[in-house]
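K.L.:
okay, structure incoming, though there's no sequence with it:
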């Protein structure tokens, strides 16, 4: 088991990270993009160290959060994060395979589901050395369709699924959402600076929604002078270590 450290997110909320289970900019942006309402019942699939639930707790979002993770160490870190942050009553951590979610959580029990999924399709890219990295980065344990099918089971009618991924996976993601009865309704690309191409997209779909996709203005990470944009600075709040 790799050594653990505690990082402060702001507003009394902390997250336990390790070499095997940390987090990056994409998770922080997705947590903000999803932004559950205060009375929402939310579920974060593949939660890892629990960064997205902890950011929601920092932002006082969601009434209750279920964090699902297949790897034992990630679950333990997420539980510790909730304990040291004083939100164990709000965050429930479950070790489970999302492909078997029907046997773990009831149908139509969530208002919002999120996941920062593995970006690399099977048999593409250099396989990560460690097992934890391989599961997090490659579709060895689940594919996009597995994620959207799990979300379709969990979401109530009109509930939201929010995902992020690399631009080259956009068509795969939108197709999988539609196949699962989740209509893509909102799309936003993320760029490093005003001159660069998108390196990430975030998409929101609604279960049972009618066709209509709103493409939002691009989220710019850095201004032309190399400084963090005002929007990203606001998203990070008190926590800025992983911004650069």
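P.N.:
Thanks, I have it. Worth saying up front: this structure is predicted, and the values here are computed from it rather than measured. Numbering: from 1, shown residues only.

K.L.:
burial measure for residue 7, as a count.
P.N.:
If you count neighbours by other C-beta atoms under 10 Å, residue 7 ends up with 18. Backbone N, C-alpha and C define where each C-beta goes, glycine included.

K.L.:
brain fart, residue 223
P.N.:
With neighbours defined by other C-beta under 10 Å, the count for residue 223 comes to 13.

K.L.:
thought it was touching residue 193?
P.N.:
Yes: under the criterion of C-beta atoms under 8 Å, residue 223 lies in contact with residue 193, with a separation of 7.2 Å.

K.L.:
for the record, mean pLDDT for the biggest helix by length in the chain?
P.N.:
For the chain, the longest helix by residue count, based on DSSP state H, is helix 72-84. Confidence over helix 72-84 (mean pLDDT, whole number) is 97.

K.L.:
quick one: contacts of it?
P.N.:
In this structure, residues lying in contact with helix 72-84 by C-beta atoms under 8 Å, 6 or more residues apart in numbering are 1-2, 4, 6, 14-18, 20-21, 47-50, 53-54, 57, 67, 69, 88, 90-91, 93-95, 132.

K.L.:
ok now that helix, how far from the chain's centre?
P.N.:
Here helix 72-84 shows a centroid-to-chain-centroid distance of 16 Å under the convention C-alpha atoms, centre = their mean, to the nearest Å.

K.L.:
what does stretch 52-69 give?
P.N.:
Centroid separation between stretch 52-69 and its chain, computed with C-alpha atoms, centre = their mean, is 11 Å.

K.L.:
measure it end to end?
P.N.:
From the first residue to the last, stretch 52-69 extends over 12 Å; the measure is C-alpha to C-alpha, to the nearest Å.

K.L.:
what mean pLDDT does it have?
P.N.:
Averaged across stretch 52-69, pLDDT comes to 98.

K.L.:
buried residues in it?
P.N.:
When burial is assessed from 16 or more other C-beta atoms under 10 Å, stretch 52-69 yields the following buried residues: 52-59, 61-62, 65-69.

K.L.:
try stretch 185-196
P.N.:
Neighbour counts over stretch 185-196 (16+ other C-beta under 10 Å) mark 185, 186, 187, 188, 189, 190, 191 as buried.

K.L.:
and the third one, that's in a strand?
P.N.:
Yes: Residue 187: assigned to a strand according to DSSP: H, G, I helix; E, B strand; the rest coil.

K.L.:
tell me where the chain has strands.
P.N.:
Assigned by DSSP state E, the chain shows strands spanning 4-10, 13-18, 41-45, 64-69, 91-95, 110-115, 155-165, 182-191, 198-207, 214-215, 219-220.

K.L.:
out of these, the one nearest residue 174 is which?
P.N.:
With C-beta to C-beta as the criterion, residue 174 lies closest to strand 182-191 of the strands of the chain, at 5.1 Å.

K.L.:
same for that closest one, what does it pack against?
P.N.:
Here strand 182-191 touches helix 144-154, helix 170-179, strand 198-207, strand 214-215, strand 219-220, going by 3 or more C-beta pairs under 8 Å, 6 or more residues apart in numbering; DSSP states H and E.
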